[in-house]
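Asks: Below are the sequence and a predicted model for it; my questions follow.
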Amino acid sequence: MGADIKSLRIRIRSVDSTMHLTKAMGLVASSKIRRATRDMTLSREYSSAMQDVVNVLRAAPECERSPYMKPTGTGTRLIVIGGDRGLAGGYNANVFRLAATMPEAEVIAIGKRACDRFDQPSVSSERFPAAEAKKLADAQCRDFLEGKFERLGILYTRYKSMMSQEATVLWVLPLEKTEKTEGGDPLFEPDEQTVLNAAVPTYVSGILSACIKESFASEVAARRMAMDSASKNAQEMIDRLQLQYNRARQNSITQEITEIVAGSGL
């Protein structure tokens with residue numbers, strides 16, 4: 001009985017220590033959520049504005065001759081955005097599961113876990129500057145024009161709410177023709193195709209930055225929910241162990257009293 005009591009005491013302390021860790025990680029995630037969602041919102045607005053401009057240009061007949069709308073290469077290139085750390089529920093697993101459905105794709109990884117997964121040099125998704133996004137986007141546009149791949153996609157995690165995030169692929173290149181919207185046609189100088197060709201690298205860069213920031217916000221939210229759930233489960237486990245400990249302790253005391261009483265009657 002004494003061994004059971006000691007074992008329960010050790011286990012309670014171990015679970016309590018783990019609960020303190022999960023609570024601390026949850027607090028860290030909470031402190032990052034506001035900044036992450038703010039950056040995500042701003043990047044969404046910029047990306048949306050660029051999308052509107054490119055949509056107008058894609059609808060112009062002159063732009064159908066743009067090399068960005070006529071792929072010359074073959075194969076798929078995929079920019080996979082994962083997290084820098086684990087303990088975020090199914091965040092990284094969902095990204096890798098979706099990537100596994102396209103085994104033929106050439107992968108460029110962003111995020112330490114994604115870089116480890118695809119055996120590439122470590123790159124942080126939390127600290128990925130806009131200048132690096134622009135450099136990467138320029139390189140992808142250049143490779144596309146040189147026919148090194150047929151289509152470019154960004155695999156990221158879409159932030160739906162604190163409770164829900166979804167891994168998805170956004171196909172960026174080639175551009176597809178869109179229908180003209182109602183209203184007057186804007187004038188572009190010197191012409192629509194020239195403006196489109198010049199705008200595409202900035203457009204791709206804006207989308208990439210937005211996807212990275214949205215993925216990071218999703219990672220932080222997923223980690224916060226995972227740590228909250230882990231802390232709750234740890235507390236429930238402590239309560240159960242404490243109940244077992246109390247019963248074991250009570251039985252031990254009862255047994256000791258019984259032995260004393262029995263001994264005194266000899």
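Replies: Yes, it's here.
Asks: List the contacts of stretch 100-112.
Replies: 75-85, 99, 115, 117-118, 120, 122-125, 128, 136, 149, 153, 169, 212, 215 (CB atoms under 8 Å, 6 or more residues apart in numbering). For every residue, glycine as well, the C-beta is placed using N, CA and C.
Asks: That stretch: which residues count as buried?
Replies: Residues of stretch 100-112 classed as buried under the neighbour-count rule (16 or more other CB atoms under 10 Å) are 105, 107-112.
Asks: Checking residue 93 next. Helix, strand or coil?
Replies: Look at residue 93: counting by DSSP: H, G, I helix; E, B strand; the rest coil, its state is helix.
Asks: Spatially nearest residue to residue 197 (excluding sequence neighbours)?
Replies: On the basis of CB to CB, 6 or more residues apart in numbering, the spatially nearest residue to residue 197 that is not a chain neighbour turns out to be residue 66, at 5.9 Å.
Asks: tell me the phi and psi of the one you found?
Replies: The phi and psi torsions at residue 66 (degrees, to the nearest 10) take the values phi -60, psi 140.
Asks: just residue 60 next, same as before
Replies: phi -70, psi 130.
Asks: Out of the buried residues of stretch 100-112, which is nearest to residue 208?
Replies: residue 110 (8.7 Å; CB to CB).
Asks: sorry, back to before: columns pLDDT and distance to residue 159 on top of the buried residues of stretch 100-112, output as a markdown table?
Replies: Formatted as a markdown table, the entries for the buried residues of stretch 100-112 read as follows, by pLDDT from 0 to 100; distance: CB to CB, whole Å:
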| residue | pLDDT | distance to residue 159 |
| --- | --- | --- |
| 105 | 94 | 23 |
| 107 | 96 | 22 |
| 108 | 96 | 22 |
| 109 | 96 | 20 |
| 110 | 96 | 16 |
| 111 | 94 | 15 |
| 112 | 95 | 20 |
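Asks: which of those residues sit farthest apart?
Replies: So for those, where distance means CB to CB, the most widely separated pair is 105 and 112, at 20.3 Å.
Asks: Type out the ChimeraX command that picks the buried ones from the contacts of stretch 100-112.
Replies: The buried residues among the contacts of stretch 100-112 can be selected in ChimeraX (16+ other CB under 10 Å) with this line:
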select :76,77,78,79,80,81,82,83,84,99,115,117,123,125,128,136,149,153,169,212,215
